[in-house]
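1. Need a 3D model of the sequence below.
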Amino acid sequence: MAEEPFRDLTPEQLRELIAQGLVPRLIEPQPFNAPQGYAYYARFHIWFINAGAALLALHVIAALFHHFVRRDGVLRSMWPLAGRR
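-> Okay, the predicted model is just below:
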């Protein structure tokens with residue numbers, strides 16, 4: 001089992017150790033309006049927006065494929081106002 005030497009420290013004690021340079025920082029903190037911090041988070045937001053849009057488009061295309069090509073009733077079973085037959 002790996003040792004966890006900092007587990008019992010309070011957040012204040014850990015901040016003090018980091019400030020003294022005794023515990024390395026994994027990510028250097030950036031102010032919210034720092035250009036490099038903004039660019040870093042903006043890239044993640046844009047990537048997730050694009051990934052979400054692609055996933056949404058894929059689901060819409062798959063639902064339309066099932067409705068118009070396979071005609072297996074998948075879209076009708078998912079549509080809340082279609083009514084169950």
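2. Please, where are all the helices along this protein?
-> With helices called from DSSP state H, the chain shows them at 11-19, 35-65, 74-78.
3. Using CSV, lay out those together with mean pLDDT and mean neighbour count.
-> Glycine gets a C-beta too; all of them are placed from N, C-alpha and C. Conversion of those to CSV gives the following (pLDDT from 0 to 100; neighbours: other C-beta atoms under 10 Å):
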stretch, mean pLDDT, mean neighbour count
helix 11-19, 81, 11
helix 35-65, 88, 10
helix 74-78, 85, 14
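4. Dump those into CSV; add distance to Glu4 as well.
-> Formatted as CSV, those follow (distance: least, C-beta to C-beta, whole Å):
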stretch, distance to Glu4
helix 11-19, 12
helix 35-65, 29
helix 74-78, 47
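5. Out of those helices, which is closest to Arg25?
-> helix 11-19 (6.1 Å; C-beta to C-beta).
6. tell me the centre residue of the chain?
-> Closest residue to the average C-alpha location of the chain: Phe48 at 6.8 Å, with C-alpha atoms, centre = their mean.
7. For it, give me its contacts.
-> Applying C-beta atoms under 8 Å, 6 or more residues apart in numbering, we find Phe48 in contact with no residue.
8. For Ala63, give its distance to Leu14.
-> Going from Ala63 to Leu14 by C-beta to C-beta, to the nearest Å gives 50 Å.
9. try Leu81
-> 54 Å.
10. returning to that earlier point: ok, the residue nearest to the centre of the chain to Tyr38 distance?
-> Here Phe48 is placed at a distance of 16 Å from Tyr38 (C-beta to C-beta).
11. same thing with Gly73?
-> Counting by C-beta to C-beta, the gap from Gly73 to Tyr38 is 48 Å.
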